[in-house]
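**Student:** Starting from these lines, generate the structure:
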Amino acid sequence: SAARAPGGDADVTHPKLGLADPVVSGSGHRSAGSDACVPAASALASEGSRMTIRLSRRDLLLSAAATGLVACGQRRPRSELDVWTLQLAPKFNDYFAALLKNWRALHPQLPVRWTDLPWGSVERKLLAAVFARTAPDVVNLNPPFAANLASKGGLTDLAPLLSAHDAQLYLPSVWDACRDPDAGQIAIPWYLTVRLSLVNRQLLDQAGVSAPPRLWDEVPAFARRIRERTGRYGLFITTVPDDSAEMLEALVQMGVKLLDERRRAAFDSASGRRAFRFWTDLYQQGLLPREVVSQGQRRAIELFQSGDLALAATGPEFLRSIQTNAPGVASVTEPHPPLTGADGTANVALMTLAVPAQSQFRQSALEFALFLTNAENQWRFATEARVLPSSLEALEQIRTALEQEQPTTAQDQQIREARLLSAQTLERARVLVPSLPGIKRLQKIIYTQLQRAMLGQVGCDQAVQRAAEEWNQYSAARWPNPSPNS
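**Tutor:** Residues are numbered from 1 along each chain as shown. Predicted structure coming up:
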């Protein structure tokens, strides 16, 4: 699961940003050379579409790029580290200017060229850069794409380059989430977000509900009470296949094992069928908004801001947006711990820093990634971005600062409470959905069949069975002889 980039309006999943600075290159600084390889990629995708086991255009591009099946030129020698990040400019230009100045003081022989990319273009630009052999030395990736790229040999295994001390500086759960069973330590964890339950206290009072649900098993009674007493909805969780992974995470919290050790479907089980019936019943009984099958998680924020949703599962960074866009709703909003399963485990989303295999400066690239994620730099970034650090020392500093903070306005006090709660929630949080290659395909398959069950097109048990069959067909084609530990 990937943390949201913090560089823009909170009610937009990946806000539109740009960048122009002498030491901070714009996102199009080498688009002409990189895009020259796109026709070759398109031709490869067209050829692959005739395969019996149908792979997506993205899978084919990834495979060809990362394994070097297509090469559009030789890598140009250079004497600087090329670093790409996602959705951070222009809001964090000053932060990166200061950080790069400190880096230059320590490493004058190896300056850094920083490029910030819009979220929607990073995969295309990175694949094109790999084709052109102009890949960056350090790149900010979400875990699913990192896992896919690593599965094709596109990322450096950092384990041989790390010291024994490095892993001890980070939260163990997120450090482990950056390790791939086949490709090794493929990334360094950077910033984190934790989902909370933002609750409309006014709607709960109208419904006679003293507290929001803490467990998924408590949701049906809560949703029914809210719907019957107020005419509003209790919660929103999307089943749009290419949107949020929250439903997959909820299934894991409800006791569903997604895949077995051979990467075959494990969700065709009693717990899987029970979870499908749980969500199908909620939908068919009118206790979920009809749009959960057609609109993404952004719709939850829209409904919450309009006063039509009692509980929104989101991070504390969204509070500022709600305060701006819907001050009346914000004034009756309370942060509460997130919904979980019986064991109380919450989900944490993260962003990572990886070193492409093409890098000429792998050790220096790793040193920069460790520099960017050290305690001091993470503390500064987490404070400015209102996210959470993966550094243990920085996290303790954030907690201490929040505990001692004395806000002077109700709005700032609300944000402080939410951020402190999110930091405390990290103690019982982990990455619930492993970022294995093909995990987005698994999400699409499960969501599509769950939608069909919710819409009454197929029974719940049959939907689970069909999802398992479809995944197993894909899995057998991609991993025909998987090892038990893969």
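**Student:** what are the ranges of the strands in the stretch 101-250 of the chain?
**Tutor:** 112-117, 138-141, 179-180, 184-185, 188-194, 196-200 (DSSP state E, counting those that start in this stretch).
**Student:** Check K16 and give its pLDDT.
**Tutor:** What the model reports as pLDDT for K16 is 30.
**Student:** do N148 as well
**Tutor:** 89.
**Student:** Same question for G26.
**Tutor:** 34.
**Student:** next one: I53
**Tutor:** 40.
**Student:** Return the distance of L420 relative to G154.
**Tutor:** The spacing between L420 and G154, counted by CB to CB, to the nearest Å, is 39 Å. The C-beta positions use only the backbone N, C-alpha and C, and glycine is treated the same way.
**Student:** Compare those two and say which one has the larger neighbour count.
**Tutor:** Using other CB atoms under 10 Å as the criterion, L420 and G154 rank with G154 on top: 25 against 18.
**Student:** doesn't L127 make contact with the more buried one?
**Tutor:** No - counting by CB atoms under 8 Å, G154 does not reach L127; the two are 9.1 Å apart.
**Student:** for the residue nearest to Y170 when sequence neighbours are not counted, phi and psi?
**Tutor:** Once flanking residues are discounted, Y170 sits nearest to S390: 5.1 Å by CB to CB, 6 or more residues apart in numbering. With angles defined as degrees, to the nearest 10, S390 sits at phi -90, psi -10.
**Student:** wait, doesn't S390 sit right on Y191?
**Tutor:** Yes - contact criterion CB under 8 Å: S390 and Y191 qualify, at 6.8 Å.
**Student:** list residues touching both of those two?
**Tutor:** Both S390 and Y191 are contacted by 350, 378, under the criterion CB atoms under 8 Å, 6 or more residues apart in numbering.
**Student:** Comparing those two, which residue is more hemmed in?
**Tutor:** S390 (29 against 25).
**Student:** tell me the contacts of that one?
**Tutor:** With CB under 8 Å, 6+ apart, S390 has these contacts: 170-171, 174-175, 189-192, 350, 373, 378.
**Student:** Now distance to G296 too, for these, in CSV please.
**Tutor:** Shown next, in CSV, are the contacts of S390 (distance: CB to CB, whole Å):
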residue, distance to G296
Y170, 31
L171, 28
V174, 25
W175, 30
P189, 26
W190, 24
Y191, 22
L192, 22
L350, 20
T373, 30
Q378, 29
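**Student:** Low-confidence ranges, the stretch 1-150 of the chain, go.
**Tutor:** The stretch 1-150 of the chain contains residues with pLDDT under 70 at 1-2, 4-5, 7-78.
**Student:** cutoff 50 now
**Tutor:** Counting by pLDDT under 50, the stretch 1-150 of the chain contains low-confidence ranges at 9-55, 60, 66-73.
**Student:** quick one: A132 and V348, what's the gap?
**Tutor:** For A132, the distance to V348 - CB to CB - is 35 Å.
**Student:** which one of these two has more residues nearby?
**Tutor:** Taking other CB under 10 Å, A132 and V348 do not tie; V348 has more neighbours (26 against 21).
**Student:** Please list all residues in contact with the more buried one.
**Tutor:** By CB under 8 Å, 6+ apart, the neighbours of V348 are 1, 173-174, 192-194, 426, 429-431.
**Student:** which one of these is nearest L215?
**Tutor:** A429 (15.7 Å; CB to CB).
**Student:** if I look at the closest one, how far off is V194?
**Tutor:** 6 Å.
**Student:** do L432 as well
**Tutor:** With CB to CB as the criterion, L432 and V194 are 12 Å apart.
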